[in-house]
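Undergrad: no sequence for this one, just the structure:
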């Protein structure tokens, strides 16, 4: 039996073509399985958003949007206190977006359009200009493409033990060549399987695991040099470079944003 719509959803007007909801969440906020009558774009200000669906778990850092089609049952977990934006999408525009729950990268223009709506505190579309902005936003979401997971998984018998070990110990610097020996394969074969199964290289996947762990430790107040050491970096600058490439700015700036310091 499907869960009912929330009381808030039932009170809202249909998106025409978008409807914006702005909220603030406390750390470790959980949402039981629920659904929406319209497609929903989820945006967080920092940290991680976790959505659980019947067939998969989506983990998204703040530089990704999470798209959930209408009627898809999902639960959610928010690790950090944060600002949250929910955008309901009309069926006409939703038909242009993927028919599955997925992640969509926030390009600079997507981010700017969302920020414009937020600064003006737009809820329902107020005029023709807002409608054009909404249509432009969805067009850029379509062009941005989508991925099924920020940190994809695999049941491949050779990759699975490697992925589990890295998740358990993100700072382990075991090379792909040494992993190949442990799982009775070759480095070339494993490299090919990472690309085929996960859509990225071994190092790229490990960096994403490290980033997710770093975000959690930054929230807990760990010094950057301690995080760098625990994640297997020889110097803090090497860790800062990885973080900046993934997030777009430094760990300390991320920490300031978590504290509301800009």
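TA: Noted; the coordinates are in hand. Note that the structure is a prediction, hence the values are computed from the model and not measured. Numbering: from 1, shown residues only.

Undergrad: hey, where'd the strands end up in the protein?
TA: 18-25, 29-34, 39-44, 48-52, 57-61, 64-68, 74-78, 82-89, 102-105 (DSSP state E).

Undergrad: residue 235: which of those strands is closest?
TA: Among the strands of the chain, strand 57-61 comes nearest to residue 235, with 23.6 Å by Cβ to Cβ. Every C-beta, even on glycine, is put in place using the N, C-alpha and C of the backbone.

Undergrad: who's in contact with the residue of the chain positioned farthest from its centre?
TA: Centroid-distance maximum for the chain: residue 184 at 33.7 Å, with Cα atoms, centre = their mean. Going by Cβ atoms under 8 Å, 6 or more residues apart in numbering, residue 184 touches residue 158.

Undergrad: how close does the nearest residue in space to residue 22 that is not next to it in sequence get to residue 166?
TA: Excluding the flanking residues, the one nearest residue 22 by Cβ to Cβ, 6 or more residues apart in numbering is residue 85, at 5.9 Å. Distance from residue 85 to residue 166, counting by Cβ to Cβ, to the nearest Å: 32 Å.

Undergrad: which non-adjacent residue is nearest residue 160?
TA: Residue 160 sits nearest to residue 154 (Cβ to Cβ, 6+ apart), 6.4 Å away.

Undergrad: scratch that, residue 134
TA: residue 18 (4.3 Å).

Undergrad: thinking residue 165 is in contact with residue 172, fair?
TA: Yes. With contact defined as Cβ atoms under 8 Å, residue 165 reaches residue 172; the gap is 6.7 Å.

Undergrad: count the residues that sit near residue 223.
TA: Applying other Cβ atoms under 10 Å, we find 12 residues neighbouring residue 223.

Undergrad: got the confidence number for it?
TA: Here, the pLDDT recorded for residue 223 equals 95.

Undergrad: now do residue 80
TA: 65.
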